[in-house]
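Asks: sequence and predicted structure, then a few things I'm wondering about:
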Amino acid sequence: MENIDITMTATIRPSIISKTLDSINNHIIGKKPRENFRLVLNIDQIGEPYKPKEVLRVVEEKFPNFIYNIADNPSFPKAVKWVWSQVNTKYIFHIEDDWTFPRKIDVLHMMNILDKHERLSSLRLSKFRTPNSPVFRMFECKWRFIEEGYYLADDWRRQFGLNPILIKRQFIDEALPRMVDHVNPEKQFRESQKYMVDVIKKWKYGMFTFPGSVALAMDIGRRWEGKKLYTKPKVGTFLTWVKK
C-alpha cells in the first residue's frame, strides 16, 4: 500500500492523545504495515499543566514513526498550516488530538475511491449517524449515496471540514499557499472567503459512510473541555483555546 501521513494538531493533553493514538492504531492502521504510516504532529503549548515532553513521551510509546513541532504561540490556523506543509504522501489523513473511531475504517477503500475520481478532494468521517436513505441533508447541503461506498455533496460552498478526513495532497498543495493566520482553518474553505474560492469550487467533496451507519468518528474532547480551565470562544472564529 502507499504511505500515508497522518497530520494532527494537538494541545498538552497526554491522556486524550493517548486514547486517540490507540484508536488510530486499532481502527485506522489495524493489521496494515506500520511503516507505511507517519504521524506529523503540531503541539500548541496550552491545556493541562505538563511540559510538551509528556505528550511526546506518549506519542513515542504508541507511534514511533513521527515528526513534530512545538509551537511558540498557540494558533490553530498556524498548526494546520505547519502539519500540512510537512506532508510528502499522496493522501493525508487529518485529525485533531481528541477524536476516536468506534469501528474499523477501511482507509484502503477510501484511497481507492479517491484514486478513481480525479476531482474528489476528500472523504470525511461523519460524527453523526447517517440516515438510512440514499439522500439526506447535512451542513446545508444535499448528500447523495454513491454505490462505491460514500456520499457525494451536491455543492462545494461549505463542505470541506476538519473532522477526521482523508485528503488528496493535490488539494492541500493548492490551498495551502492561500491560507491565512487570522481565520479558523476550517472556515477558510467557504464561499465567503474569496481568496479560497478558485480552489474549492474546482473540487468535489465526499463523506465516507453508508445508509444507516453509526457515527464513524467521536469527539472525546467535549468532556475534557467541561472539566478543565480552557474552552473555545463563544463568539467569533476559533483560533486557540481560551481560559474560562
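Replies: That came through fine.

Asks: buried set for stretch 199-209?
Replies: Val199, Ile200, Trp203, Lys204, Tyr205, Gly206, Met207, Phe208, Thr209 (16 or more other C-beta atoms under 10 Å). C-beta coordinates here come from the backbone N, C-alpha and C atoms, glycine included.

Asks: what's the longest strand anywhere in the chain packed up against?
Replies: Of all segments of type strand in the chain, defined using DSSP state E, the longest is strand 37-47. Applying 3 or more C-beta pairs under 8 Å, 6 or more residues apart in numbering; DSSP states H and E, we find strand 37-47 packed against strand 4-12, helix 52-62, strand 66-70, helix 76-85.

Asks: and of the ones you listed, who's closest to Arg124?
Replies: Set against Arg124 and scored by C-beta to C-beta, those come closest in strand 4-12, at 14.1 Å.

Asks: give me the helices and strands touching the closest one, please.
Replies: Right, strand 4-12 is packed against strand 37-47, helix 52-62, helix 76-85, strand 91-96 by 3+ C-beta pairs under 8 Å, 6+ apart.

Asks: quick one: distance of the shortest one to the chain centre.
Replies: On the basis of C-alpha atoms, centre = their mean, to the nearest Å, strand 91-96 sits 5 Å off its chain's mean C-alpha point.

Asks: residue numbering should commence at 872 henceforth.
Replies: Shifting the count to begin at 872 puts that one at strand 962-967.

Asks: tell me what it is packed against?
Replies: Using 3+ C-beta pairs under 8 Å, 6+ apart, the elements in contact with strand 962-967 are strand 875-883, helix 947-956, helix 978-987, strand 1036-1039, helix 1040-1046.

Asks: cutoff 6 Å now
Replies: strand 875-883, strand 1036-1039 (3 or more C-beta pairs under 6 Å, 6 or more residues apart in numbering; DSSP states H and E).

Asks: return the most buried member of the ones you listed.
Replies: When neighbours are counted by mean count of other C-beta atoms under 10 Å, the highest per-stretch mean among the helices and strands packed on strand 962-967 falls to strand 875-883, a mean of 25.

Asks: mind checking what helix or strand follows that strand in sequence?
Replies: helix 885-894 (DSSP states H and E).

Asks: mind listing what's buried in that following helix?
Replies: The neighbour-count check on helix 885-894 (16+ other C-beta under 10 Å) flags Pro885, Ile887, Ile888, Ser889, Lys890, Thr891, Leu892, Ser894 as buried.

Asks: tell me the mean pLDDT for that helix?
Replies: Per-residue pLDDT over helix 885-894 has a mean of 97.

Asks: relative to strand 937-941, how tilted is it?
Replies: Angular relation of helix 885-894 and strand 937-941 on a 0 to 180 degree scale: 150 degrees, by axes from the mean of the first three to the mean of the last three C-alpha atoms, to 10 degrees.

Asks: touching helix 885-894 from outside, list them.
Replies: With contacts defined as C-beta atoms under 6 Å, 6 or more residues apart in numbering, helix 885-894 is touched by Ala881, Glu925, Val926, Val929, Lys933, Phe934, Asp968, Asp969, Thr971, Phe972, Trp1095.

Asks: closest to Gly1032 out of the buried residues of helix 885-894?
Replies: When these are compared for distance to Gly1032 (C-beta to C-beta), Thr891 comes out closest, at 17.5 Å.

Asks: any idea how far Asn897 is from the closest one?
Replies: Between Thr891 and Asn897 the computed distance is 11 Å (C-beta to C-beta, to the nearest Å).

Asks: and if you look at Phe1007?
Replies: When distances are taken as C-beta to C-beta, Phe1007 and Asn897 turn out to be 29 Å apart.

Asks: please apply the same query to Ile887.
Replies: When distances are taken as C-beta to C-beta, Ile887 and Asn897 turn out to be 16 Å apart.

Asks: now do Arg905
Replies: The gap separating Arg905 from Asn897 is 12 Å, by C-beta to C-beta.
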